[in-house]
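Colleague: Give the three-dimensional model of this entry:
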Amino acid sequence: MSVKPVETAEEVSTIAFGFMASKAMFAGLHLDVFTQLASGPKTCQELSKAVDVPINRIVTLMTALNGVGLVEQDDNLYSNSAGAEAFLSRTSKYEFGDYLRYQIDQQMYPFLGQLNEVLDGSLNSDAVDSYQHWMSDPEQAALYSNAQHAGSLGPGLTIARTVDLSGAKSLLDVGGGTGAMTIRLLEANPELNSTIIDFPNVSEIGWRFITEAEMTNRVRYIPSNALTVEWPTEQDAILMSYLFSGIPGSEVPRLVKYAFDCLAPGGKILVHDFMVEDDRTGPVMAALWQLQHMAFTPEARSVTAGWLKAEMEKVGFVDIQDEQTIPGMTHLVHARKPD
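Modeller: Modelled structure (predicted):
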């Protein structure tokens, strides 16, 4: 179902200036004000002293954060909203502030500056237009990968609970990044071992997370471009998470077929990504994420679960199922290769 159509000048302005609300949140994360407020309500004077920022700047920031609903004001005291307390304070087990502060603010936002040129085809040939070019920069690879790891552990746990991989021995995690999804699937399936394919800079960072998870005896990396390297065969499961939204759309059917060929009989394919509804009426967050990815992958496709299921059926997959993973954002489409 689509959202209510925009009708008034105020509603248009709200959309147009929405980036300011985002920047207010990022600034709050940068100064760690949500963690400061986790211990109890504070005045602007107390926050100013705690984060060592002049009082006039704190007053302006807190006024904006209150306006967008991230904090609540009671006289001169500010406290976290329920959402900020649960997801933006470092004291919360569900916190993903670093994902927003680093990947979204420092990387995704700048990329959107070239969206117009991507859409009209005037993007310079030397502009960053693919994950491969982007991840060849060690600093950018580290920033993206560390943030992505934090943002993928939660969905990885959901996927591990959704798909039964009991009895599976081998997992191929294509474009698996720092191994967050692999870690969650291996935690849930003690007999499972994983091979992760990702760019060299990313693989180097990922090995640190694999080491911290004490899974070095169950995981190996193939440091390469997943679109060009040869995949291992006879796999019991193949996972592709957040891959299809960041590659040319023409590659998606090819990779679905390649996954079928590389699976053992009875093996399972798992595709997790931003997907909009088949009638393209939403959800808005998935649609915006797909548009954002197009800013550095001009040939990316806006994927729907229905289209992807049809592609899986074409190559022979059976028992095709579609599950919502992150409500309003991502789907998990999974299927089985016939025995």
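
Colleague: Tell me who's in contact with Asp278.
Modeller: Thr304, Ala305, Gly306, Trp307 (C-beta atoms under 8 Å, 6 or more residues apart in numbering). Placement of C-beta: from N, CA and C, glycine included.

Colleague: and the gap between the nearest residue to the third one once chain neighbours are set aside and Gly246?
Modeller: If I follow you right, that is Gly306. Among residues not flanking Gly306 along the chain, Asp278 sits closest, at 3.9 Å (C-beta to C-beta, 6 or more residues apart in numbering). In this view, Asp278 and Gly246 are 21 Å apart by C-beta to C-beta, to the nearest Å.

Colleague: quick one, phi psi at the residue in the chain sticking out farthest from the centre?
Modeller: Distance to the chain centre peaks in the chain at Asp75, reaching 37.9 Å (criterion: C-alpha atoms, centre = their mean). With angles defined as degrees, to the nearest 10, Asp75 sits at phi 60, psi -120.

Colleague: how close does it get to Pro41?
Modeller: 10 Å.

Colleague: what's the spacing between Gln321 and Ala335?
Modeller: 7 Å.

Colleague: Whichever helix or strand Asp273 is part of pairs with which strands, and in what direction?
Modeller: Using DSSP states H and E, Asp273 falls within strand 263-274. Strand pairing for strand 263-274, using DSSP bridges, gives strand 235-241 (parallel), strand 330-336 (antiparallel).

Colleague: Please identify the buried residues of that strand?
Modeller: Leu263, Ala264, Gly267, Lys268, Ile269, Leu270, Val271, His272, Asp273, Phe274 (16 or more other C-beta atoms under 10 Å).

Colleague: Dump it to PDB, restricted to CA.
Modeller: Coordinates of the C-alpha atoms in strand 263-274 are reproduced here as PDB (Å, rounded to 0.1, in the frame of the first residue of the first chain):
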ATOM      1  CA  LEU A 263      24.600 -25.900  -5.300                       C
ATOM      2  CA  ALA A 264      24.600 -29.600  -4.500                       C
ATOM      3  CA  PRO A 265      21.300 -31.400  -5.000                       C
ATOM      4  CA  GLY A 266      18.900 -30.300  -2.300                       C
ATOM      5  CA  GLY A 267      21.000 -27.200  -1.600                       C
ATOM      6  CA  LYS A 268      19.300 -23.900  -0.700                       C
ATOM      7  CA  ILE A 269      19.700 -20.400  -2.200                       C
ATOM      8  CA  LEU A 270      19.100 -17.400   0.100                       C
ATOM      9  CA  VAL A 271      18.800 -13.900  -1.300                       C
ATOM     10  CA  HIS A 272      18.400 -11.000   1.200                       C
ATOM     11  CA  ASP A 273      18.100  -7.500  -0.100                       C
ATOM     12  CA  PHE A 274      16.100  -4.300  -0.400                       C
END
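
Colleague: thinking again about what came up before, show me the two of the contacts of Asp278 that sit farthest apart.
Modeller: The span of the contacts of Asp278, defined through C-beta to C-beta, is set by Ala305 and Trp307 at 7.5 Å.
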